[in-house]
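**Q** What would the 3D arrangement of this be:
(one chain, ligands or ions: 1)
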Amino acid sequence: MKKITIAIDGHSSTGKSTLAKQLAKALNYIYVDTGAMYRAVTYFAMQQGFVGEDFLDKEALLNSLSLINLSFKFNENLGFAEMYLDNNNIESAIRSIQVSNLVSKIASISEVRSKLVQQQKQYGVDKGVVMDGRDIGTVVFPNAELKIFMTASAEIRAQRRYLELQQKNENVSFEEVLKNVTERDAIDSSRADSPLIIAENAIVIDNSYLTKEEQFNKIFNLATDLINAD
Ligand code: DC
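**A** Here you go, the predicted model:
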């Protein structure tokens, strides 16, 4: 059967990865969470003392960039791939609010972006991939057959992320999560390199009032129509 490339971009906490995982599973495609890769570089930079709330040692980070070895390893129990830095599983560490607060700073560095984009393109060489991020339809796979741009109101997104963090016992207020969501939107959308914009031909989905099932069915149908078209 014909394989396509599915690019999912959009604002933070819009459920891009949930949707991407569902689609990959249903289509038997590879799923790649590119946000996890930017988070992993951020985690590395934090560990090395290269970045903090009010500083960034860009030169030191760039000097170590070639040493950063990222990979995804499929976890059979969870049903998706987890992020590894060298041989360490950092899947849970990269989801902390501390990483979330610093990741946009790291993601605005062009050299970091080109290293990760190169690796992402490799994952998609054979198509049959669902990739989510901010620049997938614009930079990584501008020729993707299906491009989705997801959005929702900032308050609804913050509420969803807040509940998620509470379930993980992360001690954080709703206000802090809302601030993180709106600040990341602003930095991601205004950075010079690969800003978050709606890609040409992308289908915009505002899921403020859509259930996960409604959203999945809508996009799954779009994908299967494309796969079955000659
Ligand atoms: O999808 P996420 O929230 O885990 O992504 C974390 C950050 O990484 C996000 O604030 C912006 C950045 N990012 C990016 O710049 N480009 C991507 N393709 C994916 C994520």
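
**Q** ok, and the closest non-adjacent residue to the residue most central in space within the chain?
**A** The chain has G35 as the residue nearest its centroid, 3.0 Å off, counting by C-alpha atoms, centre = their mean. Spatial nearest neighbour of G35, chain neighbours left out: G133 (5.9 Å); criterion: C-beta to C-beta, 6 or more residues apart in numbering. Using the backbone N, CA and C atoms, a C-beta is placed for each residue, glycine as well.

**Q** ok, L19 to E164 distance?
**A** 15 Å (C-beta to C-beta, to the nearest Å).

**Q** let me redo that: Y29
**A** 25 Å.

**Q** go on, S92?
**A** S92 is 12 Å from E164, by C-beta to C-beta.

**Q** Tell me if I'm right that the residue nearest to G35 and Y31 touch.
**A** No - in this structure G133 lies outside contact range of Y31 using C-beta atoms under 8 Å: 11.8 Å.

**Q** who has more neighbours, the two?
**A** For G133 versus Y31, neighbours defined as other C-beta atoms under 10 Å are more numerous around G133 (29 against 24).

**Q** list the contacts for the more buried one?
**A** Counting by C-beta atoms under 8 Å, 6 or more residues apart in numbering, G133 touches I8, D9, K16, D33, T34, G35, Q120, V140.

**Q** Verify the assumption that the second one is located in a strand.
**A** Yes - when classified by DSSP: H, G, I helix; E, B strand; the rest coil, D9 is found to be part of a strand.

**Q** Please name the bridge partners of it.
**A** G133, F149 (DSSP bridges).

**Q** So which bits of the helix or strand containing L61 are buried?
**A** Here L61 sits within helix 58-64, counting by DSSP states H and E. Across helix 58-64, burial judged by 16 or more other C-beta atoms under 10 Å covers L61.

**Q** Please work out which residues outside that helix touch it.
**A** Contacts of helix 58-64 (C-beta under 8 Å, 6+ apart): V41, F44, A45, Q48, F50, V51, I106, I109, E111, V112.

**Q** what number of residues lie near L210?
**A** 16.

**Q** residue contacts, A192?
**A** S108.

**Q** re earlier: per-residue confidence at the residue nearest to G35?
**A** We have a pLDDT of 97 for G133.

**Q** State the distance from the closest residue to S108 other than its chain neighbours to the ligand.
**A** Distance criterion C-beta to C-beta, 6+ apart; nearest residue to S108, sequence neighbours excluded, is R191 at 4.2 Å. Distance of R191 to the ligand, computed by C-beta to the nearest ligand atom, to the nearest Å: 8 Å.
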